[in-house]
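Participant: Provide a 3D model corresponding to the input given below.
(one chain, ligands or ions: 1)
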Amino acid sequence: MTSPADLSVAGAARGEQSGDEAAQALFDDLIAKDSRIEPRDWMPEAYRKTLIRQISQHAHSEIIGMQPESNWITRAPSLKRKAILMAKVQDEAGHGLYLYSAAQTLGITREEMMLQLIEGRARYSSIFNYTTPTWADMGAIGWLVDGAAICNQVPLCRASYGPYGRAMVRICKEESFHQRQGFEILLELMQGTEAQREMAQGAVDRWYWPSLMMFGPPDDQSPNSAQSMAWNIKRFSNDDLRQRFVGMLVPQAEVLGVTLPDPNLRFNDATGQYDMSEIDWTEFNEVLAGRGPANAERLRRRREAHEDGAWVREAAAEYARKQALKSAA
Ligand code: FAQ
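Facilitator: Here you go, the predicted model:
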């Protein structure tokens, strides 16, 4: 395959286009054909930056997202539930690692991304700044948070950047399983005692609105959407995905027997959309500004884990050094 560099050199030699113009034209052509951009390909600096931003934020979300659920591993109500929850939290760690690896192909190091996170310079999903006071929160996270994640991430499997799209395929398979285990926790609680039903409904009440905020600000206040959609990174707008998610939840809530906490939620035949109450964007902005219920705790715990893991990183680096010496000998 002809590389953009070859093309640009050949084109420039014929005096047709400058090197940059030829490389840009090839990139535009790949995007127009809905093909994939790979790490070896030339790409505009803004495309690279946008991907680093989104993929690293996504990776941080997976890693910080381990905390609200790990809170319940030691207190899960049975051995079976404990094993399932442990496996789920480990899956989230794996998702973080695939995503950090995908971001590294764009020229940023893992260390830099980690520093951005622990120094509070990077974003991660607002949802993980909420607390998990009851076991039912494990069900609500699986059903609502993993459910929202799938809705948002299935289209990302077709993202134009190859390593990101391919990472998303595997992540989405695992998130589907996570969503079902959350649904099943809630179903079991809803078929239990009055107190268990109240616990399940309480968790749904707590997580419903924050899960809608996961899709980001409304379209008319989303500065990145238009360009990300033009580059085939995002395939649908924030509001479209939010609508799709609500449409998925309504019949599932009926099966569960839970009430979605929005008195104005109803399908509007005329618009073909769900009418709903206004989302509390002040709360969203407060969480993004670091003033959510658990922002400080999440970052503190992440910093501690990073410091506690220093000896593992040193041991791994030393082992790699010795292996390299051995193979060079
Ligand atoms: N929280 O212009 P837009 C999971 C920021 S993984 C925090 O609309 P964009 C798995 C946004 O970054 C969940 N910040 O931005 C799991 C931007 O800030 P910047 C994470 C938010 O990128 C389950 C600014 O607002 N998923 O759940 C949020 O086009 C269970 C303006 O917004 C992903 O990361 C928010 N909710 O669209 C793990 C998916 N929303 O950088 C454990 C990939 C917006 O300009 C347990 N990401 N912001 O300063 C995306 O699809 C997009 O990045 C969006 C935002 C849709 C999140």
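Participant: Could you give the residue of this structure that lies closest to the ligand?
Facilitator: Of all residues in the chain, residue 65 sits closest to the ligand, with a separation of 2.7 Å (Cβ to the nearest ligand atom). C-beta here means a position set from N, CA and C on the backbone, and glycine is covered the same way.
Participant: Would you check that that residue makes contact with residue 130?
Facilitator: No - Residue 65 is not in contact with residue 130 according to Cβ atoms under 8 Å; the separation is 11.0 Å.
Participant: what residues does the stretch 201-329 of the chain put near the ligand?
Facilitator: Applying Cβ under 6 Å from any ligand atom, we find that the stretch 201-329 of the chain lies next to the ligand at 213-217, 222-225, 228, 234, 238, 288.
Participant: Try it again at 5 Å.
Facilitator: 214, 216, 222-225 (Cβ under 5 Å from any ligand atom).
Participant: Only whichever of those residues are buried, select them in ChimeraX.
Facilitator: Of these, the buried ones go into a single ChimeraX selection, burial set by 16 or more other Cβ atoms under 10 Å:
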select :214,216,222,225
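Participant: Just flag the most distant two among the residues of the stretch 201-329 of the chain next to the ligand.
Facilitator: Put simply, by Cβ to Cβ the two of those set farthest apart are 214 and 223, 17.5 Å from each other.
Participant: so where do the strands sit in this protein?
Facilitator: Using DSSP state E, the strands found in the chain span residues 266-268, 273-275.
Participant: what's the last one in contact with?
Facilitator: For strand 273-275, the surrounding residues in contact (Cβ atoms under 8 Å, 6 or more residues apart in numbering) are 243, 246-247, 250, 264-268.
Participant: ok, how many other residues are close to the residue lying closest to residue 104 once chain neighbours are set aside?
Facilitator: Setting aside the residues directly before and after it, residue 104 is nearest to residue 110 in space (Cβ to Cβ, 6 or more residues apart in numbering), at 6.1 Å. By the measure other Cβ atoms under 10 Å, the count of residues near residue 110 is 14.
Participant: Who are the contact partners of residue 163?
Facilitator: 38-39, 101-102, 105.
Participant: If we use 10 Å, what do you get?
Facilitator: With contacts taken as Cβ atoms under 10 Å, 6 or more residues apart in numbering, residue 163 has the following neighbours: 36-39, 51, 55, 98-99, 101-106.
Participant: With residue 112 instead?
Facilitator: Taking Cβ under 10 Å, 6+ apart as the contact definition, residue 112 lies against 52, 56, 103-104, 122.
Participant: Now the residues you listed in JSON lines, please, with extra columns for neighbour count and pLDDT.
Facilitator: Below are these laid out as JSON lines (neighbours: other Cβ atoms under 10 Å; pLDDT from 0 to 100):
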{"residue": "52", "neighbour count": "18", "pLDDT": "98"}
{"residue": "56", "neighbour count": "26", "pLDDT": "98"}
{"residue": "103", "neighbour count": "26", "pLDDT": "98"}
{"residue": "104", "neighbour count": "19", "pLDDT": "98"}
{"residue": "122", "neighbour count": "18", "pLDDT": "96"}
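Participant: what sits in contact with each of residue 65 and residue 130?
Facilitator: 141, 145, 298.
Participant: which one among the residues you listed gets closest to residue 76?
Facilitator: The shortest approach to residue 76 among the shared contacts of residue 65 and residue 130 belongs to residue 141, at 13.2 Å (Cβ to Cβ).
Participant: I'd guessed the closest one sits against residue 134; true?
Facilitator: No - under the criterion of Cβ atoms under 10 Å, residue 141 is not in contact with residue 134, lying 11.3 Å apart.
Participant: Give me the common contacts of the two.
Facilitator: The contact sets of residue 141 and residue 134 overlap at 72, 203 (Cβ under 10 Å, 6+ apart).
Participant: okay, the two: which has more neighbours?
Facilitator: residue 141 (27 against 17).
Participant: need the contact list for that one.
Facilitator: Residue 141 makes contact with 65, 68-69, 72, 88, 127-128, 130, 132, 147, 178-179, 182, 185, 203, 207, 211 under the criterion Cβ under 10 Å, 6+ apart.
Participant: pull the longest helix from the chain.
Facilitator: Secondary structure assigned by DSSP state H gives helix 162-190 as the longest helix of the chain.
Participant: Only the buried residues of that one, if you could.
Facilitator: Neighbour counts using 16+ other Cβ under 10 Å place 162-165, 167-168, 171-172, 174-175, 178-179, 181-183, 185-187, 189-190 of helix 162-190 among the buried residues.
Participant: Same question for stretch 148-156.
Facilitator: For stretch 148-156, the neighbour count (16+ other Cβ under 10 Å) marks 148-156 as buried.
Participant: overlap between these and the residues near the ligand?
Facilitator: Among the buried residues of stretch 148-156, the residues that sit close to the ligand (Cβ under 5 Å from any ligand atom) are residue 149.
Participant: Of the buried residues of stretch 148-156, which is the nearest to residue 272?
Facilitator: Using Cβ to Cβ, residue 151 is the member of the buried residues of stretch 148-156 that sits closest to residue 272, with 17.5 Å.
Participant: Flag the shaky bits of this structure, pLDDT-wise.
Facilitator: 1-17 (pLDDT under 70).
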